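> pasting the sequence and the predicted model now:
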Amino acid sequence: MDLTYFLEHYSEPQILAAGGLLVGIVFGACAQQSRFCLRAATLDLAHGVFAVVAQASLRGILKPGREWVAGWWTTADIGGNDLAAHLSLSSTFTIGFALVWFAAGVFFVLRAKTPFWQAVAACGAGLAIPLAWSFTSSMASQAFDPVQVEGVTFTGPSADTLMLFLSPPGSIFDFDIGLVPGVFLGSFLAALLTRELALQGFEGGRSMARYLTGAALMGFGGMLAGGCAVGAGVTGASIFAVTAWITLTAIWLSAAVTDRIINRPSKASMTSLSSKPEIQPVS
């Protein structure tokens, strides 16, 4: 990806922010249309508590606790975060592994009779990940100042975006600052153009308490894990990061167990569902 023209006419922070905005728009629009199931990009970002707790865990009052827990075990103890290197996996194997999962995805899409446009949007959301890697990698190799090579993640960027609005003018723009608004813009435009735009809110106090508690846990846990379901689970897994696969597995298991505990039907409701209605005589 040749960025020479842009580097000659614009500053590096402006280019990074614009690139993050573009990737965010692509991901947001495709995630909204494909009904992205990992609740990190569009649903959890809608609840600003998430960003507040993430910021507190990143640089605020919860930072000491996060660093203390993070110090229990690091990838340095096992010699790095490259899962492919630990397992001595060749590039041919990792590409084949990805193709197998892609084929499995196609199979389940056909089996579920998923609408064609929704399947295309799902592919677009996935392709936003290598787009981000490619763009930031190109900037890192062509820019004069150091640029972090990164993919799509939302825990840290959400916190940084929050601070952009709370900090005095003149804050540094970068890829993350463009990414988060881009997701909102992309998902908003996609919903608007497809006439799916609707105002949503909490159903009651109980639901609000559950969402706020979950947002707080995600804010702290996301910073502790080095990323949310997208950043650690999807972006990190795409480069075979050890921490990403551990995080993704933990997300799947804990979400399933929690859903089983919280949303399991009660015995009374099961009894009412299984009982047959009485037939009343016609008068």
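Okay, I see it. Note that the structure is a prediction, hence the values are computed from the model and not measured.
> ok, then the element right after the helix or strand containing Asp160?
Secondary structure from DSSP states H and E places Asp160 in helix 155-166. Next helix or strand after helix 155-166 toward the C-terminus (DSSP H and E): helix 175-193.
> buried set for that next one?
Neighbour-count burial for helix 175-193 flags 175-184, 186-188, 190-191 (criterion: 16 or more other C-beta atoms under 10 Å). (Each C-beta comes from the backbone N, C-alpha and C, glycine too.)
> and what of stretch 92-105?
Quick answer for stretch 92-105 (16+ other C-beta under 10 Å): Thr94.
> do the same with stretch 7-21
Buried residues in stretch 7-21, counted by 16+ other C-beta under 10 Å: Glu12, Pro13, Ile15, Leu16, Ala17, Ala18, Gly19, Gly20, Leu21.
> can you say which two of those residues are spatially most distant?
Within these, Glu12 and Leu21 form the most distant pair, 14.8 Å apart (C-beta to C-beta).
> got any ranges where the stretch 1-150 of the chain has weak pLDDT?
36-48, 50-55, 57-59 (pLDDT under 70).
> would you map the helices across it?
With DSSP state H, counting those that start in this stretch, the ranges of helices along the stretch 1-150 of the chain come out as 4-9, 12-34, 49-58, 63-70, 83-86, 91-111, 116-142.
> save the ones you listed as a markdown table, and put in distance to Asn263 too.
Converted to a markdown table, these look like this (distance: least, C-beta to C-beta, whole Å):
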| stretch | distance to Asn263 |
| --- | --- |
| helix 4-9 | 49 |
| helix 12-34 | 24 |
| helix 49-58 | 21 |
| helix 63-70 | 28 |
| helix 83-86 | 33 |
| helix 91-111 | 23 |
| helix 116-142 | 25 |
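> between those helices, which one is closest to Tyr211.
The nearest among the helices of the stretch 1-150 of the chain, by C-beta to C-beta, is helix 49-58 at 8.1 Å.
> distance check, the closest residue to Leu83 other than its chain neighbours against Ala216.
Leaving out its chain neighbours, the residue that sits closest to Leu83 by C-beta to C-beta, 6 or more residues apart in numbering is Phe240, at 4.2 Å. Per C-beta to C-beta, to the nearest Å, Phe240 is found 30 Å from Ala216.
> swap in Lys113?
Taking C-beta to C-beta, one finds Lys113 at 38 Å from Ala216.
> what of Gly28?
24 Å.
> Gly60 now?
Look at Gly60 and Ala216: by C-beta to C-beta, they are 13 Å apart.
> next: Asn81.
Taking C-beta to C-beta, one finds Asn81 at 27 Å from Ala216.
> repeat for Met208
Using C-beta to C-beta, we find Met208 at a distance of 13 Å from Ala216.
> neighbour count for those two, which is higher?
Ala216 (19 against 13; other C-beta atoms under 10 Å).
> ok, and for the helix or strand where that one lies, which residues are buried?
Following DSSP H and E, one finds Ala216 within helix 205-225. By 16+ other C-beta under 10 Å, the buried positions in helix 205-225 come out as Tyr211, Gly214, Ala215, Ala216, Met218, Gly219, Phe220, Gly221, Gly222, Met223, Leu224, Ala225.
> report the inter-axis angle for the helix or strand Asp259 falls within versus helix 205-225.
Using DSSP H and E, Asp259 sits in helix 242-263. Counting by axes from the mean of the first three to the mean of the last three C-alpha atoms, to 10 degrees, helix 242-263 lies at 160 degrees to helix 205-225.
> by contact count, what packs against helix 242-263?
Secondary-structure packing of helix 242-263 (3 or more C-beta pairs under 8 Å, 6 or more residues apart in numbering; DSSP states H and E): helix 83-86, helix 205-225, helix 236-238.
> so which of those helices comes closest to Leu3?
It's helix 236-238; of those, that one is closest to Leu3 (C-beta to C-beta) at 22.1 Å.
> what comes into contact with the closest one?
For helix 236-238, contacts defined as C-beta atoms under 8 Å, 6 or more residues apart in numbering pick out Ile129, Pro130, Trp133, Gly151, Gly226, Gly227, Thr243, Ala244, Trp245, Thr247, Leu248.
> what distance separates it from the centre of its chain?
12 Å (C-alpha atoms, centre = their mean, to the nearest Å).
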